[in-house]
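Undergrad: only the shape, not the letters, is given here:
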């Protein structure tokens, strides 16, 4: 937020932490009254997961609702949640056998009607679901009997299971039909491990343990009695809350602040890798502001110019790793097998630039929207080989507008794949001729399409490997690193972070 | 007097209109709202659908006239982000901001009147210098910085006050001090100058010569006259407080109009943003107009000029 005061505020943040270290341990916020207090900087526009596109919306969605399938975050294997089992009937059809005896928070029974109503409602564009990419693949859902449904996809869509294990939650049919998305936001009703007690839109949401939660769920009945999520936009205020004992858990803490918070008695800092990948996107289209990027030697020079190991270690921080291809390693189909590795070698970078006709380097703009300190480190590396990159820092929407309008030659991108653990949610966004593709390599696109349009795992893996290798060989982008997330929590809280940035409150307990 | 009021009213309306045009233009220049609304993974078709649905594809003047016409008829539209009527949403947040604004103004007056009076009575003394230092610090410190210092002392250090939220009156203490201290120096200087002028006037000398006690001379005779311009300044400062609480409300997570303004800027919620800007500018214009009229009523030289 208020960028002009960021430096000063960060300084004050450090002072907050130093004060706390001097004054000793904070009082415990939640253990005393068995209420876990969590702060987030952004309030979702609606708690209904289909009508918001922010991370906290995904997190709340998994607490209040359930999905047909659940992906075990430790093994990445799919297990049944609201569905007991499922079977791929053909390339576009999956049949589900549903679990019996599950009740929604309002007492409504879960059955085929819940699945059919929810999926057909969200798949209908007239209902204006905000997260279209999560549902636009659904053609229809049909009831076979009270506990069996059939889901048909519009085209071959191998990632369907992943979506059904992630953002596609199931609503109670009768209640959703009566209340609609607005009513669902005002009084959310799901079948998940937490029940909503009170929702003050834009301010806070109070949840309590669902003691009747079905025993066979791969999630579990929460160990903590209540969960309060408060929306506090300022990160320094969040830090002050956790220092004063007003909050038990905050996330997305900056590395320098997390390092200091680790020294405060009674606070713990936990870092973990996330699925969000970081890369430099380069424009090779005609009419781009910097035509130099059309030359593969220039692109390779940039690959050799950036010291990814050092930046990852010193700036990005624990929990991140260097990437060699534009996808997250745990995603199905993501691999760097066969892809060339470009070592940090500024001498070679200068040589390649000279061969390309730029012995004195050149000037360009670099667009960025987050992790400014990382962009500045990249700019420093580029400067060392003669590429004078001028930073154009803006909001994400504004940056994307520039990229899509062919007005950006070099941009510092990040992509979280909506936590979908399948390459179809990452690489094709930037290389399959979509609006964000500014390299337009038909061979890469064809390989990606082969992967996207098959349900045979081997065909998909081979196709994605080919595409990823071609992108790396042709230096279409500069894969950089994965982003970590830092959590600061009360020392009395047991919790484990996961790469999908899903905070699993139901697993947490007091020490 | 009537002619003066009419003239000021006309000017006030023109100012409000100009503010609405500038705000509308600036908001639209800040980026394509359709891209922001469609979200991170939206395709070109999704964005085009959003653009058509919300009418962003029409020329800007058409959009402006359409919005102004509906606003004048009392239809403030719907919040794009919260999917609820913008009018009730804005009204529901007004209470918190009004409480904060009035409390901050009261706090500012509470500290500036005694300090101003003391500085005038003991002019050029150590007390005057201390009062001046207090004023300089108040104006020089950015209010968010001062707010963080308050948090360090009262919330983390002493644990007397909650850091953020708006659940109890305790939640308003630090935001009130942070905002109030920022505007107090202007009052203090005005009171000091007014008191110095009044204390040197003939009727005060007469009062003293009559043997009235010092307390009576200062509070009954001098302060009552010195405080007149403060009334006009207070009206204008209240307008500033209502509009200027964006940073403080966001910092303390106070669920008021300022916080809503911040949220609507971040989410490109144009109907809410435009109406907040319009509402705040109208409040500011009305308060300034009221101050002008009060001044003219109190001092005939103004309305004649």
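TA: Ah, there it is. Here the structure is a predicted model, which is why all the values come from computation and not from measurement.
Undergrad: residue ranges with poor pLDDT in chain A?
TA: Applying pLDDT under 70 to chain A picks out residues A:1-29.
Undergrad: so how far is residue B:179 from the closest residue to residue A:234 other than its chain neighbours?
TA: Leaving aside its sequence neighbours, residue A:234 sits nearest to residue B:251 (Cβ to Cβ, 6 or more residues apart in numbering or on different chains; 5.0 Å). For every residue, glycine as well, the C-beta is placed using N, CA and C. Applying Cβ to Cβ, to the nearest Å, the value for residue B:251 to residue B:179 is 11 Å.
Undergrad: ok, these two, which is more surrounded?
TA: residue B:251 (31 against 27; other Cβ atoms under 10 Å in any protein chain shown).
Undergrad: name all residues that make contact with residue A:335.
TA: By Cβ atoms under 8 Å, 6 or more residues apart in numbering or on different chains, the contact list for residue A:335 reads A:325, A:329, A:461, A:464-465, A:468.
Undergrad: repeat that with 7 Å
TA: A:325, A:465, A:468 (Cβ atoms under 7 Å, 6 or more residues apart in numbering or on different chains).
Undergrad: which residue ranges of the stretch 101-250 of chain A form helices?
TA: A:112-123, A:132-135, A:160-164, A:173-186, A:235-244 (DSSP state H, counting those that start in this stretch).
Undergrad: and the stretch 301-450 of chain A, by the same measure?
TA: Assigned by DSSP H, counting those that start in this stretch, the stretch 301-450 of chain A shows helices spanning A:308-311, A:346-355, A:372-384, A:396-404, A:427-431, A:442-452.
Undergrad: chain center to the first one, what's the gap?
TA: Spelled out, it's helix A:308-311. 22 Å (Cα atoms, centre = their mean, to the nearest Å).
Undergrad: what is it packed up against?
TA: Other helices and strands packing on helix A:308-311, by 3 or more Cβ pairs under 7 Å, 6 or more residues apart in numbering or on different chains; DSSP states H and E, are absent; none qualifies.
Undergrad: tell me the buried residues in it?
TA: A:308, A:311 (16 or more other Cβ atoms under 10 Å in any protein chain shown).
Undergrad: can you check the longest one too?
TA: Neighbour counts using 16+ other Cβ under 10 Å place A:374-375, A:377-379, A:381-382 of helix A:372-384 among the buried residues.
Undergrad: again, but for stretch B:224-237
TA: Using 16+ other Cβ under 10 Å as the test for burial, stretch B:224-237 gives B:226-227, B:229-230, B:232, B:234-237.
Undergrad: residues from the stretch 351-500 of chain A in reach of chain B?
TA: When proximity is defined by Cβ under 7 Å from any Cβ of the partner chain, the stretch 351-500 of chain A lies next to chain B at A:395, A:397-398, A:400-401, A:418, A:434-435.
Undergrad: with respect to residue A:123, which of the residues you listed is nearest?
TA: Using Cβ to Cβ, residue A:418 is the member of these that sits closest to residue A:123, with 17.0 Å.
Undergrad: wasn't residue B:154 part of a strand?
TA: No. Using DSSP: H, G, I helix; E, B strand; the rest coil, the assignment for residue B:154 is helix, not a strand.
Undergrad: quick check, it in contact with residue B:170.
TA: No. Taking contacts as Cβ atoms under 7 Å, residue B:154 lies outside contact range of residue B:170: 9.9 Å.
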